[in-house]
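> Build me a model:
(one chain, ligands or ions: 1)
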Amino acid sequence: MIAYAPFIAAVTGLFIGSFLNVCIHRIPRDESIVFPASRCPKCGRAIRPWENIPVLSYLFLMGRCRGCREKISIRYPVVELLSALLAVAMLYRFGLTPSFFIYYLWACVLLVITFIDIDFQIIPDSLSIGGIVVGLVLVWWLPLSYTNALMGLFLGAGLLIFVIYGYYFLTGKEGMGGGDVKLLGMIGVVTGWQGVLFTIFMGSLIGTAVGVPWAFAQKKNMQAAIPFGPFLALGALIYVLWGDLFINWYFGILA
Ligand SMILES: [Zn+2]
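Numbering: from 1, shown residues only. As a prediction, this is how the structure comes out:
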């Protein structure tokens, strides 16, 4: 791998993250992600190119719109940094291979889904079903058989439908939504059935570790549940980046 490849990946990741911010804002509002250029949501002031440099502009503007002094969400630089981090992590994991490009693209979609789910408690079909369709095409370039991709898709969607109905049957309440089913299907397509099992396990673990204290802190009951999508996305990313290590460690303990 070229010595400066991680640097290029990081900078490209920042600019892609800037575009992901546009997607996070506009997709749930049914707006075009291409036109028009970005504006301040409060005063409508067009954002100049030099005010649109990832992270740096946020620091330079001290987190405020130059027109109306309205606070710019910290989420903008955070998404840009996460995107850069994911690009570098995927590069170290896969090297300069097709897997790097595909899994990074897929991680970007998970990032967009995560923040839309946090804001709106929905996962747009254009991302989840779109991800399944595009994923089925891209599997061709991944070290994953089509059989395993399809098993991942149907196990992911199937298991979650089973869990949702089981939970509903036991408690009479809805724990998760149909959006999570399609999301887990989209995860299964590129991780295979092992990835699906790992994602459910890890997602539930992190979800419980974060969700239970959060519910207590908010003095809400568990029905005012936080969206599960971000935890599934995080579990899936951990699987792609470090799944082998976890599985070896786990079976090492068993043996
Ligand atoms: Zn403004």
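
> Setting aside sequence neighbours, what's the nearest residue to the closest residue to the ion within the stretch 101-250 of the chain?
When distances are taken as Cβ to the ion, the stretch 101-250 of the chain reaches nearest to the ion at Asp119, 19.5 Å away. Where C-beta positions appear, they are placed from N, C-alpha and C, glycine not excepted. Distances taken as Cβ to Cβ, 6 or more residues apart in numbering place Pro28 nearest to Asp119, at 7.0 Å, with adjacent residues excluded.

> so who does the one you found touch?
116, 119-120, 122, 124 (Cβ atoms under 8 Å, 6 or more residues apart in numbering).

> taking those one by one, which sit in helices?
116, 119-120 (DSSP state H).

> what's the helix or strand for Ser73?
Using DSSP states H and E, Ser73 maps to neither a helix nor a strand.

> Just give me the neighbour total for it.
13 (other Cβ atoms under 10 Å).

> Could you check stretch 33-44 and say which residues are buried?
For stretch 33-44, burial by neighbour count (16 or more other Cβ atoms under 10 Å) applies to Cys40.

> Pull up the distance across that stretch, start to finish.
One end of stretch 33-44 to the other measures 17 Å (Cα to Cα, to the nearest Å).

> for stretch 26-34, same thing?
One end of stretch 26-34 to the other measures 10 Å (Cα to Cα).

> sorry, back to before: let's have the ones in helices among the contacts of Pro28 in TSV, adding distance to Asn148 and neighbour count.
Shown next, in TSV, are those (distance: Cβ to Cβ, whole Å; neighbours: other Cβ atoms under 10 Å):
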residue	distance to Asn148	neighbour count
Ile116	28	23
Asp119	33	13
Phe120	32	14
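
> any idea which of these is closest to Leu160?
Minimum distance to Leu160 across the ones in helices among the contacts of Pro28 is 18.5 Å, recorded for Ile116 (Cβ to Cβ).

> Can you verify my assumption that that closest one contacts Ile122?
Yes - Ile116 is within contact range of Ile122, at 6.7 Å (criterion: Cβ atoms under 8 Å).

> Spell out, range by range, the helices that occur in the chain.
5-26, 56-60, 75-94, 98-120, 125-138, 146-171, 178-217, 229-254.

> and those helices, which one is worst for confidence?
Looking at those, the lowest mean pLDDT belongs to helix 146-171 (a mean of 86).

> Can you name every helix or strand that it contacts?
Applying 3 or more Cβ pairs under 8 Å, 6 or more residues apart in numbering; DSSP states H and E, one finds that helix 146-171 contacts helix 125-138, helix 178-217.

> Any residues of the chain in contact with the ion? List them.
Applying Cβ under 5 Å from the ion, we find that the chain lies next to the ion at 40, 42-43, 45, 65, 67-68, 70.

> can you do 8 Å?
40-45, 65-70 (Cβ under 8 Å from the ion).
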